[in-house]
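In: the following block contains a protein sequence and its predicted model.
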Amino acid sequence: MSLILMILGAVLVAFLIAYVIVKYLPLKLRWIPSVLLLVLAIFLGVKIFNGIMQPILFAEEKVERYKPVIKSLKIIRDAEIKYYDVTGKYTTDKAGLIQFIDTAQLALTETKTVVETVNKGSKWAPIMVEIEVRKTDTIGYEPVLKYFKDREYKTMFKVPGVEGTEFEIEIAEVEKVQGLVVPTFRARTPKEGILKGMNTSLVKQELEAVESIQIKGEYVSVGSLEEVTSGGNWPPSYDRKDGIEK
């Protein structure tokens, strides 16, 4: 809107200058408003160029700033999931989660179907029937650390590009169906800190983003306290090979 008003204002000023030239100025002084018009045209051209390019450059820069943040959130998510696989719950203990990755073991299981004979009758009049039963057995263990090889899990809680800031970690419980309570987790950080130093009006628009191709809301986050999900609030473009590591 401000760019449109500036263009309209410049057109009005140019019209007034042209009117003054034709109506009042002698021929020998007409070079002065010509120079003024040239300066005005250059100024207006620069403003229009910046008005067009600034949102484009902002969009490119924000993606570059978000990429390492999302990469860290994915490591946190994977760590929480492995912790849940072993303990049946999530955790807010950051140091404990790092230690868990370093030391914990995951059980390797094998599920197979076996045939068992069961009595469908009574003790005095047995009716023996063969039924199929699925059995799960532990066949070994593997270190959790295996899943974090070459990943920077030791510093996963530090927000990249935002000095002295760590991700917020929260846990809760959700009643998925009546009588079934499921633990949930959420890790997040405010967008505002990530975008610090960028155009304030564009940052404000970014904090209010609701489109599916954008990171919605005021935070970059993974998981949810209200829903049973381990997904992030970023669009699929951040999961592409040319965008960010899955």
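Out: Arrived safely. Given the structure is predicted, the values throughout are model-derived calculations rather than measurements. Numbers count the residues shown, from 1 in each chain.

In: can you name every helix or strand that the helix ranked longest in the chain contacts?
Out: When the chain is parsed with DSSP state H, its longest helix is helix 31-87. Judged by 3 or more C-beta pairs under 8 Å, 6 or more residues apart in numbering; DSSP states H and E, helix 31-87 is in contact with helix 2-23, helix 94-103, strand 105-119, strand 180-190, helix 191-194, helix 200-207, strand 219-223. Backbone N, C-alpha and C define where each C-beta goes, glycine included.

In: repeat the analysis, applying 10 Å as the threshold.
Out: helix 2-23, helix 94-103, strand 105-119, strand 168-177, strand 180-190, helix 191-194, helix 200-207, strand 219-223 (3 or more C-beta pairs under 10 Å, 6 or more residues apart in numbering; DSSP states H and E).

In: now render the ones you listed as JSON lines, adding mean pLDDT.
Out: Shown next, in JSON lines, are these (pLDDT from 0 to 100):
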{"stretch": "helix 2-23", "mean pLDDT": "62"}
{"stretch": "helix 94-103", "mean pLDDT": "97"}
{"stretch": "strand 105-119", "mean pLDDT": "84"}
{"stretch": "strand 168-177", "mean pLDDT": "92"}
{"stretch": "strand 180-190", "mean pLDDT": "96"}
{"stretch": "helix 191-194", "mean pLDDT": "96"}
{"stretch": "helix 200-207", "mean pLDDT": "93"}
{"stretch": "strand 219-223", "mean pLDDT": "97"}
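
In: turn those into JSON lines, columns for distance to Ile81 and mean neighbour count.
Out: As requested, the helices and strands packed on helix 31-87 are arranged in JSON lines below (distance: least, C-beta to C-beta, whole Å; neighbours: other C-beta atoms under 10 Å):
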{"stretch": "helix 2-23", "distance to Ile81": "47", "mean neighbour count": "12"}
{"stretch": "helix 94-103", "distance to Ile81": "11", "mean neighbour count": "15"}
{"stretch": "strand 105-119", "distance to Ile81": "11", "mean neighbour count": "10"}
{"stretch": "strand 168-177", "distance to Ile81": "13", "mean neighbour count": "13"}
{"stretch": "strand 180-190", "distance to Ile81": "9", "mean neighbour count": "18"}
{"stretch": "helix 191-194", "distance to Ile81": "24", "mean neighbour count": "19"}
{"stretch": "helix 200-207", "distance to Ile81": "29", "mean neighbour count": "14"}
{"stretch": "strand 219-223", "distance to Ile81": "10", "mean neighbour count": "24"}
